[in-house]
Every structure is written in structure tokens, then in C-alpha cells.
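> Make a model of this:
(4 chains)
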Protein chains: 2
Amino acid sequence: MSQTPKQPADRPVPTSADVARLAGVSRATVSYVLNNTSAVRISEPTRVRVRAAAEELGYVPHAAARSLRAGHTRIVLLPTAHIPVGPLYSRFFNELQWELRRLDYTVVQYGSLGLGADEAARAWAELRPVAVVSLGEIELTPQGVRLLKRSGARAVITLGPQRVEGAHALVMDQREIGESAVAHLRERGRRRIGVLIPEEPGLELFSKPRLAGARKAAHGTDTVIEPVTMAYTEESAAELAGRWRELGLDAVFAYNDEYAMLLMRALQDADIDVPRETAVIGADDLLLGRLLRPRLSTVHVEMVTGRHLAELVDRVVRDPDGAPERHDLMGARALPRESS
Amino acid sequence: MSQTPKQPADRPVPTSADVARLAGVSRATVSYVLNNTSAVRISEPTRVRVRAAAEELGYVPHAAARSLRAGHTRIVLLPTAHIPVGPLYSRFFNELQWELRRLDYTVVQYGSLGLGADEAARAWAELRPVAVVSLGEIELTPQGVRLLKRSGARAVITLGPQRVEGAHALVMDQREIGESAVAHLRERGRRRIGVLIPEEPGLELFSKPRLAGARKAAHGTDTVIEPVTMAYTEESAAELAGRWRELGLDAVFAYNDEYAMLLMRALQDADIDVPRETAVIGADDLLLGRLLRPRLSTVHVEMVTGRHLAELVDRVVRDPDGAPERHDLMGARALPRESS
DNA sequence: TTGAAAGCGGTACCAA
DNA sequence: TTGGTACCGCTTTCAA
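This next block holds a predicted model:
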């Protein structure tokens, strides 16, 4: 009943040749009309005929053919990690991809399944992306960067603490976060500071530099940094809280607000007073952290917006030889509330 | 100093013709060797020469050229919405894309910038995706589905409450969530139930069906459903709590756990006893909900895993004419804790 | 103003 | 066992 008579269902999608035939013109003319090529003047009647034919057939150009001919794509490749990152990062990532789309790029997410750095670069290069934005899941090597550039990538951008030769660097220095947290705790007079390391796999990318930053802030002072591990479960938090007093710590930087909330509750349930006996500080400035009592102190992270990064990508694509910019992606500052 | 002499930096990436030339064979042979084509026997010495040449030049095949020739791609297109979805959904989405990658698909995220349904379908079709998984950001039409199928899509899968003709349906019926919540509150003797609608744009996709489900559960009973709006800020929550008593409600289904936590705290700060005076229930079963006192009641959502969906995609791609499956993506059940 | 044809980089058929 | 070559769909000279 609801068969549409005009479009036979499963004939393959028509090509520009089909349009040309129906309109009684050449394929060249079809291309000119449909792309509004300005270097060539096509009479209005012809334009109309071509457009009508395209419309009637439901013509859709073939992106791969087009970019094969053009010699380049509009693909921005985003390697993605298979890890449970926080809400802040998700939001950033989502916004980035959205803004890239707005700038008319095609966003390809590429999960790099345990590939080595150079294998991954090879796999990415097959798509001939015009840009690669590596958020740090895979360590790009200088060779990898070179390969990508040779294969048409005009922008290779890495976030993450370390520079890669040949790539544009956006430094997202997680260490600042740990540094701010510990500096703040020290100001509050704390001297034996625990640093929480999540047990969840994949989070080392964030937790290790945060710990390093904490150590840096304590370096050369009388402050002791003690790493402690915890999983994101009530049981693990309770277990840790249960042996808290043995650890003899008077403060903890709890990786982020989510872990901090969990641990703080567990400490309270174990009758450890926060902040008197132990100060707690998280990171990310989640709204929910303000709901607990005491209100959770946190490190507010000023992250670049996805839009910002998308625009940088676009700028580099347009002018790859511009001075290799180096941007700082975040600033961190402690936001004391009641738990520290 | 660290210039690698072997690979001249900016000569374009070599083609299979270059490899053939260097190895002293034809392009056909290169293709056979590099693809391990079994229908053809190539001598071992030749294989070695070809592989060596490819290696030396840093040959990387051109995906677009390959799929142009092949007549199909391995692209799975994932239209994405520009909305702040919850952690559950993010996790699902991330897992989905990861598992698709594992099955050797190329995941393309496609933000559909205010395109209409059919314009979007056209834009997607340009990429000739082998599958499209529409999570509901854009309402696919039957014409859109037909266009995609004609252009090579073997699987067109829609999540969301409504079926689309021609597409495989995965029903993610958000209504169940509201229904479970209200049924639970009714059991607890509540009769004037508020349903929180977030003010954040884009969330209607979830909030509307949840409200509809709530209404369904109340239909034909003496229970009143009252929609109330709130933004995800402390101010908005405080404002709502400030006029709570005027509303005369004895319970609220607060959209999800995050909004619920925010509202519950605001109610408590306004001296409204939870659950005595007003019961609160959220949804998503976030770990953090258990940290507040009283512990937050919630609706646990049993969501299909990304892996599950990825496997379905793969199955349909392999056998598009299999019976048009219809899957149910979630089950919802109330999980009473202390706030209701 | 329009058309013929080359060519982008692979693959696979048919011959040799 | 290997090579020649047509072709996938599109853009863009170059001629007419």
C-alpha cells in the first residue's frame, strides 16, 4: 500500500552519468551545475533540466569518488580510547566533534585496538584524513606524524603532556591539577597527604600525571605524599575507609569529584570527621559535589572548549605552515569549600 | 638532527603503481600479494620482493579508492545529537563505537546540524555507509530509509520509541522509566506526583516519553501527575524548592538521579522532609545517589550493551534480509532506597 | 555554452 | 604464475 511508485526500491543509487542521460547533457555539465562551478557559464534552461533530472532520480554524489578525484578529504580523525572518562571530558569530546561537523569536516572515530603507535598511524593514513587530533590514547611517534603528513594530513594535533616532533601540540597538563590540590592542602596545614589512584584500567592516563603533580608540589617540603588505590565501588571505598587510621593521613586528593564523594561518604560512615580529621579534595568542580555535607572542595579545571579546538584544527588545515602553535589547554585552581 | 634520511618527508604517499615499479611487477601482482588473494598463486620470491618494496616506500593503501572499486564501504554512520546526555548513555555510545571498530567497521560520527530528516539522509548517503544506527536525534522517514538502502546501506537501525518503516527497530522505550517510577510511588501511597522536566534543551527526547509513561501509570487512577520544570543549577533547584509547598505534591519523579540529587538537597535545605513530606525518585541508578542521606531511590535501567548492539549491526549487515528483528533495549524497574 | 576524455588509486577478469 | 586493462564515480582541463 505505501509503496512509492516514483522510486523503484532497490536499483542502485544513480550516478552522475544517469543524471546526464536523463537531462540530455554530458556528465561534465552535470558536475558544473550541481557544484555551481563559477569558472563555467551554463545556460539557465540547462541548469533547470539538470537539477530536475537529479531530483527525479534522487541523485546523491559519491563522497569517496569525489575525494579520490580531488586528492584530499575533509576527514578529521579522532582516535578514541576505551576508557571511562569523566563527564567533563565527554562533554569536551562531544562538543569538539560537533563543532568540527559545523565546519564541514567529517568526523571519524577510530578506536585503535591495541595497535602499536606506528601500526595505528598506518591504519589512520588509509583514510587520508586532512587532520588527526590525538587526545593521547596512543602515543604518536615522529615517524607516525611524518607518515600522516605525507598521506595528506595538514594538521596533526596532539593533546597530552608530551610534545611529539612534527605535530602541533596542545598541552593538557594533568599535573597542574594534582599540584593545585596539594598546594591548597598544604596551605591548610596538612602534611600527610594521600593521593587516590583509581583501580579502573585506562585511567592512568590521568591519574599518573595528577600524582606526579602532587609530588611536585610536595617536593622539598616536609609534606609526605602517599598513593592509595581505590575502585569506584562502595565496597572498595568502605574497605579503604576501614583502614584509614592506620594510614595516618590527614588529607586526601581523591583523583576527581566522583571518587572524592564516594570516599568522603565512606570516611564519614567510618566515623572519621571531614575535614577535621581528614581533609578531602576532588577535581572537576561537579555540581553534585556541592550537595554533600560538608560541601566538597575541588580543583576547578579550566578546559579549552571543543569549539576552540575545532577552530584551531580548521586554522591549521587552512594554513599548515603557520608557526607551530603551542596552546595550553587547561588551567587548574583549587576551589576550597567545606571538606578541606 | 633527527631527520630520517630514508623517507623523504613531503613527497606524496606512494601508490600501488610505485610499489609495482620498484618491485618490477605489475599493479595486479601487488594487489594480489598485499591482499593475500587466495584465488591466485604468486611465487614466494615475488611475494617477498613486493612486500619489501611496499615496506621500503611506506606504502599505505587508499581506503577511498578501494571502496570505490569494491562498490561498498565498511562505514557505520552514527548520527549524533548535540545534547548533554547522561553518563549511562555516554558509556553505551562509547562502547558501541568501540565494539564496531573491533568488528572492523569504520565509525563515522555525523552531527546533523539542524538538517531536516531527508536532507540528513541524503548527506549520510554520500558516504555510502554500510549501516546507519540512528539513536533518535533525527527522525528517519521511510523515504530516508529507502534512500539509504538504495545507496548501499544494508542495515538501518533506529532506536527510539517509534518504528520507521523499512528500518530495523530497537525499541528504547523511555516511557517504561516514568511508568515504573510512578507505579512505585503509588504503591507507597503517593497521589500527587510531580514529574521533573529539565529545562536544558535537547533533553525532551528523553523527558517527554518519561512524562508520558508517568501519565500512563496514573491513568484511570486517583493519582495526579504534575509536570514541573527545573534547570540543572542550584539556583533553579532552590527556586523550585522555595515554592514546593504551594504545589501541594507528595512525591516527585525527578527525571534522573542527577536532577533528583539536586532537587532533594534543595528540598531538604527548604526544610521539606524527604521522604515523609515528599518522596523523591530518580533514574539511572548512579552510584552517587547512594551517598546522599536519605539514600536516593531510583529506577534501574537495564540497557542493552554497546557490544550487543554492535553485534546486531554486524548480523544485519551480513544478512540484511533476515527477519526484521525487533529488539527491546531496556527494561526498567524501580529500586526503592530511602528517599521514597 | 557544452562535450570528450583523462585520470584519481585500487581490484579482478581474462589472457598469456 | 604474472601482466594488461577495464572499471568504480567524479572533476576538470582542453577543444569544439
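> so where do the strands sit in chain A?
In chain A, the segments counted as strands under DSSP state E are A:75-80, A:106-111, A:131-134, A:155-159, A:168-171, A:192-198, A:224-230, A:251-253, A:279-281, A:298-303, A:326-328, A:330-335.
> ranking those by burial, who's on top?
Neighbour counts (mean count of other C-beta atoms under 10 Å in any protein chain shown) averaged over each of the strands of chain A peak at strand A:251-253, with a mean of 32. In short, each C-beta sits where N, CA and C put it, glycine included.
> For the closest residue to DNA strand C within the stretch 201-340 of chain A, grab the count of nearby residues.
Distance from DNA strand C to each residue of the stretch 201-340 of chain A (C-beta to the nearest atom of the strand) is smallest for residue A:320, at 18.6 Å. Look at residue A:320: counted by other C-beta atoms under 10 Å in any protein chain shown, it has 16 neighbours.
> for residue A:200, same thing?
The number of residues packed around residue A:200, counting by other C-beta under 10 Å, is 16.
> so where's chain A uncertain?
Within chain A, the set of residues satisfying pLDDT under 70 comprises A:1-10, A:324-325.
> Can you get me a residue count around residue A:12?
Applying the criterion other C-beta under 10 Å, we find 10 residues in the vicinity of residue A:12.
> Quick check: chain neighbours aside, which residue is closest to it?
residue B:150 (6.7 Å; C-beta to C-beta, 6 or more residues apart in numbering or on different chains).
> I'd like to know how far that neighbour sits from residue A:13.
Taking C-beta to C-beta, to the nearest Å as the measure, residue B:150 falls 5 Å from residue A:13.
> hey, what's in contact with both of the two?
Residues within reach of residue B:150 and of residue A:13 at once, by C-beta atoms under 8 Å, 6 or more residues apart in numbering or on different chains, are residue A:58.
> which residues touch the most centrally placed residue in chain A?
Using C-alpha atoms, centre = their mean, the residue of chain A that lies closest to the mean C-alpha position is residue A:93, 4.0 Å off. Neighbouring residues of residue A:93 by C-beta under 8 Å, 6+ apart: A:78, A:85, A:135, A:306.
> So which residues of chain A form helices?
Under the criterion DSSP state H, helices of chain A are mapped to A:16-23, A:27-34, A:44-57, A:63-70, A:87-102, A:117-125, A:142-150, A:175-187, A:204-218, A:234-242, A:244-247, A:257-269, A:306-318.
> For the last one, buried residues please.
So the one you mean is helix A:306-318. Of the residues in helix A:306-318, those scored as buried under the neighbour-count criterion (16 or more other C-beta atoms under 10 Å in any protein chain shown) are A:306, A:308-310, A:312-314, A:316-317.
> Let me know the angle separating it from strand A:298-303.
Here helix A:306-318 points in a direction 30 degrees away from that of strand A:298-303 (axes from the mean of the first three to the mean of the last three C-alpha atoms, to 10 degrees).
> So which elements touch helix A:306-318?
If you count contacts as 3 or more C-beta pairs under 8 Å, 6 or more residues apart in numbering or on different chains; DSSP states H and E, helix A:306-318 packs onto helix A:87-102, strand A:131-134, strand A:155-159, strand A:168-171.
> redo that, cut-off 6 Å
Helices and strands touching helix A:306-318, by 3 or more C-beta pairs under 6 Å, 6 or more residues apart in numbering or on different chains; DSSP states H and E, are helix A:87-102, strand A:155-159.
> Residue numbers of chain A in contact with chain B?
Where proximity means C-beta under 6 Å from any C-beta of the partner chain, the interface of chain A facing chain B comprises A:13, A:60-61, A:63-65, A:67-68, A:82, A:90, A:97-98, A:101-102, A:107-109, A:111, A:113, A:122, A:125-127, A:150-151, A:261, A:265, A:288, A:291.
> Narrow the residues you listed to just the buried residues.
Judged by 16+ other C-beta under 10 Å, buried ones among the residues of chain A next to chain B: A:13, A:60-61, A:63-65, A:67-68, A:82, A:90, A:97-98, A:101, A:107-109, A:111, A:122, A:125-127, A:150-151, A:261, A:265, A:288, A:291.
> Off-centre distance for stretch A:174-186?
Relative to the centre of its chain, stretch A:174-186 is centred 23 Å away, using C-alpha atoms, centre = their mean, to the nearest Å.
> Oops, could you answer that again for stretch A:148-162 instead?
How far stretch A:148-162 lies from its chain's middle: 15 Å, per C-alpha atoms, centre = their mean.
> residues in contact with residue A:122?
Residues counted as contacts of residue A:122 (C-beta atoms under 6 Å, 6 or more residues apart in numbering or on different chains) are residue B:60.
> cutoff 10 Å now
Applying C-beta atoms under 10 Å, 6 or more residues apart in numbering or on different chains to residue A:122 gives the contacts A:115-116, A:144, A:147-148, A:151, B:58-61.
> From the residues you listed, pick the one nearest residue A:327.
Of all the contacts of residue A:122, the one sitting nearest residue A:327 is residue A:148; the distance, using C-beta to C-beta, is 19.5 Å.
> check contacts around that closest one.
A:77, A:121-122, A:124-125, A:128-129, A:131-132, A:134, A:140, A:154-156, A:166-167, B:13, B:60.
> Apply 8 Å and report the result again.
Residue A:148 sits next to A:121, A:124-125, A:129, A:132, A:156 when contact means C-beta under 8 Å, 6+ apart.
> ok, of the residues you listed, which one's closest to DNA strand C?
Looking at the contacts of residue A:148 and their distance to DNA strand C, the nearest is residue A:125, at 9.8 Å (C-beta to the nearest atom of the strand).
> Excluding chain neighbours, what is closest to that closest one?
With C-beta to C-beta, 6+ apart, the residue lying closest to residue A:125 is residue A:151, at 4.1 Å.
> quick one, what contacts that neighbour?
Contact partners of residue A:151, counting by C-beta under 8 Å, 6+ apart, are A:125, A:128, B:12-13, B:60.
> ok, 7 Å please
Listed by C-beta atoms under 7 Å, 6 or more residues apart in numbering or on different chains, the contact set of residue A:151 reads A:125, A:128, B:13, B:60.
> Tell me how far it lies from residue A:298.
Relative to residue A:298, and taking C-beta to C-beta, residue A:151 is found at 43 Å.
> Which positions in the stretch 51-200 of chain A make contact with DNA strand C?
The stretch 51-200 of chain A has residues A:65, A:68-69, A:71 near DNA strand C, with proximity defined as C-beta under 7 Å from any atom of the strand.
> Can you tell me which of those is closest to residue B:191?
residue A:65 (63.6 Å).
> Which residue lies closest in space to that closest one, excluding its sequence neighbours?
Leaving aside its sequence neighbours, residue A:65 sits nearest to residue B:68 (C-beta to C-beta, 6+ apart; 5.4 Å).
> Same check on residue A:293?
Of all residues not flanking residue A:293 in the chain, residue A:338 sits nearest, at 7.5 Å (C-beta to C-beta, 6+ apart).
> how many neighbours does that neighbour have?
Other residues lying near residue A:338 total 14 when counted by other C-beta under 10 Å.
> Go ahead and confirm it touches residue A:294.
Yes. The pair residue A:338 and residue A:294 passes the contact test of C-beta atoms under 7 Å, sitting 3.3 Å apart.
> Residue A:74 and residue A:127: what is the separation?
Here the criterion is C-beta to C-beta. By it, residue A:74 lies 11 Å from residue A:127.
> scratch that, residue A:311
Between residue A:311 and residue A:127 the computed distance is 22 Å (C-beta to C-beta).
> repeat for residue A:198
Noted for residue A:198: a distance of 33 Å to residue A:127, by C-beta to C-beta.
> try residue A:174
For residue A:174, the distance to residue A:127 equals 29 Å [C-beta to C-beta].
> Quote the end-to-end distance of stretch A:247-264.
16 Å (C-alpha to C-alpha, to the nearest Å).
> Tell me who's in contact with the residue lying closest to residue A:97 once chain neighbours are set aside.
Taking C-beta to C-beta, 6+ apart, and ignoring the residues beside it in sequence, residue A:97 has residue A:107 as its nearest neighbour in space, at 4.7 Å. Taking C-beta under 7 Å, 6+ apart, we find residue A:107 in contact with A:76, A:78, A:97, A:100-101, B:108-109.
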